[in-house]
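Student: Predicted coordinates and the sequence they were generated for:
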Amino acid sequence: MALAAVIGLSWSSNLSLLPSPSIPSRLSKRSVNSSSSSSSSVVVKGAISLEKEKEKKIFSLEKSEEIFNAAKDLMPGGVNSPVRAFKSVGGQPIVFDSVKGSHMWDVDGNKYIDYVGSWGPAIIGHADDKVNAALIETLKKGTSFGAPCLLENILAEMVISAMPSIEMVRFVNSGTEACMGALRLARAFTGRQKIIKFEGCYHGHADSFLVKAGSGIATLGLPDSPGVPKGATSDTLTSPINDIETIKSLFDAHKGEIAAVILEPVVGNAGFITPKSGFLDALREITKQNNALLIFDEVMTGFRLAYGGAQEYFNILPDLTTLGKIIGGGLPVGAYGGRKEIMEMVAPSGPMYQAGTLSGNPLAMTAGIHTLRRLKEPGCYDYLDKVTGELIGGILDAGKKAGHEISGGYIRGMFGFFFAAGPVDNFEHAKKSDTAKFARFHRGMLEEGIYLAPSQFEAGFTSLAHTSKDIEMTVEAAAKVLQRI
Ligand SMILES: Cc1ncc(COP(=O)(O)O)c(C=O)c1O
């Protein structure tokens, strides 16, 4: 998830203007309805008690608040990954109890249609029955071997046959690890140090990637976070996305020094930003000319834009690819892969060291295998295209009807929209969107039982479990909220 989303950038700091967010009114209706079976104990207390009880339910995320308040004493900010703390949209985060299909239930019993999908993995729907059954079978054999197992071969073969540019793959435990490994490998293979990344692209939290871009022009990177040594980022060059001229000038200024260019081929960590026509081809060309590697970070787009990821969708072959999220089917996994001649530099085939106690874990491999099997069935990506198109079309229409400046788009199971007239072609454009309005929209949608990513700078995700009814309810909710924000 994007650093911008995580740290609640200053342009979204107008949250004091928001209505008190802690008590969504619509949740009450759902709470009252869903608690009807438990209301008998209330009835015996008499009418006044019943009213009081209803009132309490109406304005309560009681258990969520209780648990999150306790969490704040136990874990930094009460969370184990910063964007979950709702800093960008304000209000208290919701604590969840269970997920199934396209839905999530919080600890107070409120039900939501989910468009976060655990930040991407849940593309076939949460807690899929077949994935769960397979996990139980694997579990019976043990949770971790720390040694080779057949399941690794099966998932590796699936990934290699799906991803056009991957001939060999190394499994790790997260997208961060995958990007870290790919970067080390690019440096090892080329014998060069410098890399180019794009503003607004997130490649995990490894030191070299935590670089803030300078405004407008490409700059030498300075660390985004205290604790990142300047030395770790001084070889990280940055450029706005969709700006091939800056890339050309960086290659000119650093002849023979650039190991790789890394990017999210569709940027999901600055909202939803697609590559302009010809941009990816131009990147492929210029990296080839300069003997630098092109790395597609497909942690988000892999198996989401197409079974073969963005590289299949846009028909561009990168040298290295990073994966995560979907290939673990909700369990912790990452992977990096590419041409054999490059991958064979990785230990123990070659000298580039990278290892992992739990890498290739049988449970994670199992969830990945069964998720990919489902995605391979005919019609999956057409279905994602259809539901996501209806969703984003409905939201944009409703927004325009309500008089808002709003723009957005989608590809298959990934979408995004900005409270900005658009087009949004880079992170600077994205930052000009009305983040305070997004915060109000987000809170309003929560009240309507719709769970969106808690930041304007995060893409949304649909799944095979989202029905036309889900989309209809979401668009109706959006129309209502857009009228009043
Ligand atoms: C494109 C991209 N790369 C890398 C990462 C890091 O993955 P992880 O959170 O699994 O470490 C993310 C996470 O959201 C991502 O979206």
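Tutor: Happy to help now that I have it. In this text the structure is predicted, and so the values were computed from the model without any measurement.
Student: I'd like the distance between the residue nearest the centre of the chain and residue 326.
Tutor: Centroid-nearest residue in the chain, with Cα atoms, centre = their mean: residue 119, separated by 3.9 Å. Per Cβ to Cβ, to the nearest Å, residue 119 is found 11 Å from residue 326. All C-beta spots, glycine's among them, are computed from the backbone N, C-alpha and C.
Student: what do you get for residue 169?
Tutor: Plainly put, residue 169 is 14 Å away from residue 326 if you go by Cβ to Cβ.
Student: quick one: which of the two has more around it?
Tutor: Legend: neighbour count by other Cβ atoms under 10 Å for residue 169 and residue 326, higher for residue 326 (29 against 22).
Student: Look up the closest residue to the more buried one, ignoring the ones flanking it.
Tutor: The shortest distance from residue 326 to any non-neighbouring residue, by Cβ to Cβ, 6 or more residues apart in numbering, is to residue 303 (4.2 Å).
Student: List the residues that contact that neighbour.
Tutor: Residues in contact with residue 303 (Cβ atoms under 8 Å, 6 or more residues apart in numbering) are 123, 162, 309, 323, 326-327, 371-372, 375.
Student: among those residues, which are in strands?
Tutor: Those of the contacts of residue 303 mapping onto strands are residue 323, per DSSP state E.
Student: May I see the PyMOL selection of the buried members of the contacts of residue 303?
Tutor: The buried subset of the contacts of residue 303, as determined by 16 or more other Cβ atoms under 10 Å, is captured in PyMOL by this line:
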select buried, resi 123+162+309+323+326+327+371+372+375
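Student: ok, of the contacts of residue 303, which one's closest to residue 451?
Tutor: For the contacts of residue 303, the residue nearest residue 451 by Cβ to Cβ is residue 123; the value is 16.1 Å.
Student: Run through the residues of the stretch 151-300 of the chain sitting next to the ligand.
Tutor: Proximity of the stretch 151-300 of the chain to the ligand (Cβ under 6 Å from any ligand atom) is limited to residues 174-176, 179, 202-204, 264, 268-269, 297, 299-300.
Student: I'd like those residues as CSV, with neighbour count appended.
Tutor: Formatted as CSV, these follow (neighbours: other Cβ atoms under 10 Å):
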residue, neighbour count
174, 18
175, 30
176, 19
179, 28
202, 27
203, 27
204, 21
264, 27
268, 30
269, 25
297, 32
299, 30
300, 30
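Student: Rebuild these as CSV, extending it with pLDDT.
Tutor: Converted to CSV, those look like this (pLDDT from 0 to 100):
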residue, pLDDT
174, 98
175, 98
176, 97
179, 97
202, 93
203, 94
204, 93
264, 97
268, 94
269, 92
297, 97
299, 98
300, 98
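Student: Now, the residues you listed that are in strands?
Tutor: The strands, defined by DSSP E, take in residue 297 from these.
Student: Please identify the one among the residues of the stretch 151-300 of the chain next to the ligand that lies nearest to the ligand.
Tutor: residue 175 (2.2 Å; Cβ to the nearest ligand atom).
Student: quick revisit: rebuild the contacts of residue 303 as JSON lines, extending it with pLDDT and distance to residue 340.
Tutor: Formatted as JSON lines, the contacts of residue 303 follow (pLDDT from 0 to 100; distance: Cβ to Cβ, whole Å):
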{"residue": "123", "pLDDT": "98", "distance to residue 340": "28"}
{"residue": "162", "pLDDT": "98", "distance to residue 340": "17"}
{"residue": "309", "pLDDT": "98", "distance to residue 340": "19"}
{"residue": "323", "pLDDT": "98", "distance to residue 340": "17"}
{"residue": "326", "pLDDT": "98", "distance to residue 340": "24"}
{"residue": "327", "pLDDT": "98", "distance to residue 340": "20"}
{"residue": "371", "pLDDT": "98", "distance to residue 340": "26"}
{"residue": "372", "pLDDT": "98", "distance to residue 340": "22"}
{"residue": "375", "pLDDT": "98", "distance to residue 340": "25"}
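Student: Now render the contacts of residue 303 as TSV, adding distance to residue 198.
Tutor: Output for the contacts of residue 303, formatted as TSV (distance: Cβ to Cβ, whole Å):
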residue	distance to residue 198
123	25
162	25
309	18
323	19
326	22
327	23
371	28
372	28
375	28
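Student: out of the contacts of residue 303, who's nearest the ligand?
Tutor: residue 323 (9.3 Å).
Student: Any figure for the gap between the closest one and residue 309?
Tutor: Taking Cβ to Cβ as the measure, residue 323 falls 8 Å from residue 309.
Student: list residues touching both of those two?
Tutor: Residues touching both residue 323 and residue 309 by Cβ under 8 Å, 6+ apart: 163, 298, 302-303.
Student: Top of those residues by number of neighbours, please.
Tutor: Neighbours here mean other Cβ under 10 Å. Within these, the largest count is held by residue 298, at 33 neighbours.
Student: Who are the contact partners of the closest residue in space to it that isn't next to it in sequence?
Tutor: Nearest non-adjacent residue to residue 298, counting by Cβ to Cβ, 6+ apart: residue 309, 4.5 Å away. Listed by Cβ under 8 Å, 6+ apart, the contact partners of residue 309 are 162-163, 296, 298, 301-303, 321, 323.
Student: Going by distance to residue 334, which of these wins?
Tutor: Minimum separation from residue 334 among the contacts of residue 309 (Cβ to Cβ) is found for residue 323, which lies at 6.6 Å.
Student: roughly how far apart are the closest one and residue 181?
Tutor: The gap separating residue 323 from residue 181 is 11 Å, by Cβ to Cβ.
Student: what does the stretch 301-450 of the chain have sitting close to the ligand?
Tutor: So far as Cβ under 6 Å from any ligand atom goes, the stretch 301-450 of the chain lies against the ligand at 324, 334.
Student: Which part of the stretch 301-450 of the chain gets nearest to the ligand, residue-wise?
Tutor: In the stretch 301-450 of the chain, the residue that lies nearest the ligand is residue 324 (4.6 Å; Cβ to the nearest ligand atom).
Student: So the closest residue in space to that residue that isn't next to it in sequence versus residue 403, what's the distance?
Tutor: Nearest residue to residue 324, sequence neighbours excluded (Cβ to Cβ, 6+ apart): residue 175, at 3.3 Å. For residue 175, the distance to residue 403 equals 39 Å [Cβ to Cβ].
Student: Just confirm residue 483 is within a helix.
Tutor: Yes. Under DSSP: H, G, I helix; E, B strand; the rest coil, residue 483 falls within a helix.
Student: what sits against it?
Tutor: Contacts of residue 483 were listed using Cβ under 8 Å, 6+ apart, and they are residue 402.
Student: And the contacts of the lengthiest helix in the chain?
Tutor: Counting by DSSP state H, the longest helix found in the chain is helix 380-401. Residues outside helix 380-401 that contact it (Cβ under 8 Å, 6+ apart): 115, 123, 306-307, 374, 406-415, 417, 419, 462-464, 466-468, 470-471, 474-475, 478-479, 482.
Student: Count the neighbours of residue 76 for me.
Tutor: That count, for residue 76 with other Cβ under 10 Å as the rule, works out to 10.
Student: And residue 343, by the same measure?
Tutor: Counted with other Cβ under 10 Å, the neighbours of residue 343 add up to 21.
Student: Next: residue 137.
Tutor: The number of residues near residue 137, taken as other Cβ under 10 Å, comes to 9.
Student: Next: residue 252.
Tutor: When neighbours are counted by other Cβ under 10 Å, residue 252 registers 9.
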